[in-house]
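> Got a sequence here, can you build the structure:
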Amino acid sequence: ERKMPCLHGHLTKVIFIKGDRIMGLNKKSVDDINAKGKRVLVRCDFNVPLKNGEITDETRIVAALPTIQKLIDDGGKVILCSHLGKVKEGPNEKESLAPVAKRLSEKLGKEVVFVADYNVTGEAATGAVEAMKEGDIVLLQNTRFRGKEETKNGEEFSKELADLADLYVCDAFGSSHRAHASVEGVTKFITAKGGENVVGYLMQKEINFLGNAVENPVRPFVAILGGAKVADKLNVISNLLEKCDTLIIGGGMAYTFLKAQGYEIGKSLVDNEKLDYCKEMIEKAEKLGKKLLLPVDSVTIAEFPNPIDAPVETVVCGVADMPADREGCDIGPKTAEMYAEAVKSAKTVVWNGPMGVFENPTLAAGTIAVAKALAETDATTIIGGGDSAAAVNQLGFGDKMSHISTGGGASLEFLEGKVLPGVAAADDK
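This is a model prediction of the structure:
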């Protein structure tokens, strides 16, 4: 076991599974390579939120530090790369990684040389890498500044990235579900020249927590799914029903389930194309002898708040008496109590997606109740990235969770049982 800073700077004890497996995936990790004197390209997830050029949440930067520090300590020449934002308008200063370089320098207590060149792997990058000494750090510019070459896994860009390095480390769990040049393409060229492709500590931790929760959970295992759309979580619902003991549904997607059961849901969010699917899932739960919990009451509003955090008047309605002109925007107090009760006896809990419009203080009560129940349980609690991670952190429960995933989409695909390209591309032991 190793003490590692968790995402909030506190030390947390992480039990790594020793021996020849990372959660049975049998992949090489940073502990299996000798980085001394080698150029090591590390794909991180520095896709941090920025406001006026300032980083507003440094969770992802802090999460990358253990791997970077290990490679520095081992005398590697550490070349970092990442994307930031969607970069829809082409390369621009607002989506430059410059603020990340600055924050990384502060965190590591040493200079991080930033290659500001929009080409990412051009002469500026080559020159900076050539000048490196052991233990030095270079951060390349936003990989998405290369547009489709990055997102469509372009050969040329993949090769240019590999040309800068001898070894490759993927520590970007938040991007590991995308087969991009800096995640997957680069590994082929590293292999071709006799280099190794491994996963970093963050990837290892994510795979251990999420993988063990799904494949080998300590029971009772409770899964909580929220968020707006059923469509986003179709396969997750189906896969988790087979693995968990209790599946709790909240958030906007609960209303499609309620409509499938014949309830009036007023102006609430609904996916009419998925009503049959919801019926199938209700039947599947019954057939497998699993508990499927749905809301018994809702916090309703007349009009959606604009802006989203504006004051709003609410009425609590039981599921059987929702008026046609109102919209459900949070689970009601009885539901919150029922869900909190279900969590109490659990030994493993995975939560992905808020229970309501948590960005509005009036409509955050359901999400707070679930977060509080998770904070108070002795179970292993795993928060699946994205909005639930934001909610838990904003509400001040972050340090009470066993693991907060750094990848929303990636953790969902992992919970679906999909193989992630970033994991698959790493060398087997």
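> which non-adjacent residue is nearest V218?
Distances taken as C-beta to C-beta, 6 or more residues apart in numbering place K347 nearest to V218, at 4.2 Å, with adjacent residues excluded. (C-beta placed from N, C-alpha, C; glycine too.)
> Give me the distance between that neighbour and V236.
20 Å (C-beta to C-beta, to the nearest Å).
> again with G85
Distance, G85 to V236, using C-beta to C-beta: 26 Å.
> Have a look at those two and say which one is more surrounded.
Counted by other C-beta atoms under 10 Å, G85 and V236 do not tie: V236 has more neighbours, with 24 against 16.
> what about that one, which helix or strand?
helix 234-243 (DSSP states H and E).
> For that helix, give the mean pLDDT please.
Confidence for helix 234-243, expressed as mean pLDDT, is 90.
> Using CSV, write out the CA atom coordinates for the helix or strand following that helix.
Counting by DSSP H and E, the next helix or strand C-terminal to helix 234-243 is strand 246-249. What follows is strand 246-249 as a C-alpha-only set of coordinates in CSV (Å, rounded to 0.1, in the frame of the first residue of the first chain):
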residue,chain,number,x,y,z
THR,A,246,-29.9,-2.2,-5.4
LEU,A,247,-30.2,0.4,-8.2
ILE,A,248,-31.4,3.8,-7.3
ILE,A,249,-32.6,6.2,-10.0
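> From the chain's centroid, how far away is strand 246-249?
Its chain's average C-alpha position is 20 Å from that of strand 246-249, according to C-alpha atoms, centre = their mean, to the nearest Å.
> just to revisit the earlier point, neighbours of the residue nearest to V218, how many?
The number of residues near K347, taken as other C-beta under 10 Å, comes to 15.
> The one 3 residues further on too?
V350 is flanked by 29 other residues according to other C-beta under 10 Å.
> please renumber so the chain begins at 711
With the count now opening at 711, the last piece we talked about shows up as V1060.
> who touches stretch 1011-1022?
Residues from elsewhere that reach stretch 1011-1022 (C-beta atoms under 8 Å, 6 or more residues apart in numbering): 1023-1025, 1035-1037, 1039, 1067, 1069-1073.
> pretty sure E870 belongs to a helix, no?
Yes. E870 sits within a helix when classified using DSSP: H, G, I helix; E, B strand; the rest coil.
> so what's it closest to, chain neighbours aside?
Leaving out its chain neighbours, the residue that sits closest to E870 by C-beta to C-beta, 6+ apart is T831, at 3.9 Å.
> Which helix or strand lies directly C-terminal to the helix or strand bottoming out on mean pLDDT in the chain?
In the chain, no helix or strand scores lower on mean pLDDT, DSSP states H and E than strand 721-724, which sits at a mean of 33. With elements assigned by DSSP H and E, the helix or strand that comes after strand 721-724 is strand 749-753.
> returning to that earlier point: residues contacting the residue nearest to V928?
K1057 makes contact with P927, V928, R929, P930, F931, D1088, A1089, T1090, according to C-beta under 8 Å, 6+ apart.
> Counting neighbours, what do you get for the last one?
I take that to be T1090. Counted by other C-beta under 10 Å, the residues lying close to T1090 total 19.
> Now do the contacts for it.
Per C-beta under 8 Å, 6+ apart, neighbours of T1090: F919, A923, V928, K1057, T1058, V1059, S1112, H1113.
> quick one, what contacts the second one?
If a contact means C-beta under 8 Å, 6+ apart, then A923 has F931, T1058, V1060, T1090, I1092 as its contacts.
> Closest to S806 out of these?
Of all the contacts of A923, I1092 has the smallest distance to S806: 33.1 Å, by C-beta to C-beta.
> name the element that closest one belongs to?
Using DSSP H and E, the element containing I1092 is strand 1090-1093.
> helix or strand right after that strand?
On the C-terminal side of strand 1090-1093, the nearest following helix or strand under DSSP H and E is helix 1096-1104.
> Isn't G785 up against D846?
No. G785 is beyond contact range of D846, at 10.0 Å (criterion: C-beta atoms under 8 Å).
> ok, the two, which is more surrounded?
Per other C-beta under 10 Å, whichever of G785 and D846 has more neighbours is D846, with 18 against 15.
> measure the more buried one to E916 for me?
D846 sits 28 Å away from E916, going by C-beta to C-beta.
> Also V928?
From V928 across to E916, the span is 18 Å (C-beta to C-beta).
> More neighbours: which of those two?
It is E916, of V928 and E916, that has more neighbours when counted by other C-beta under 10 Å, with 28 against 12.
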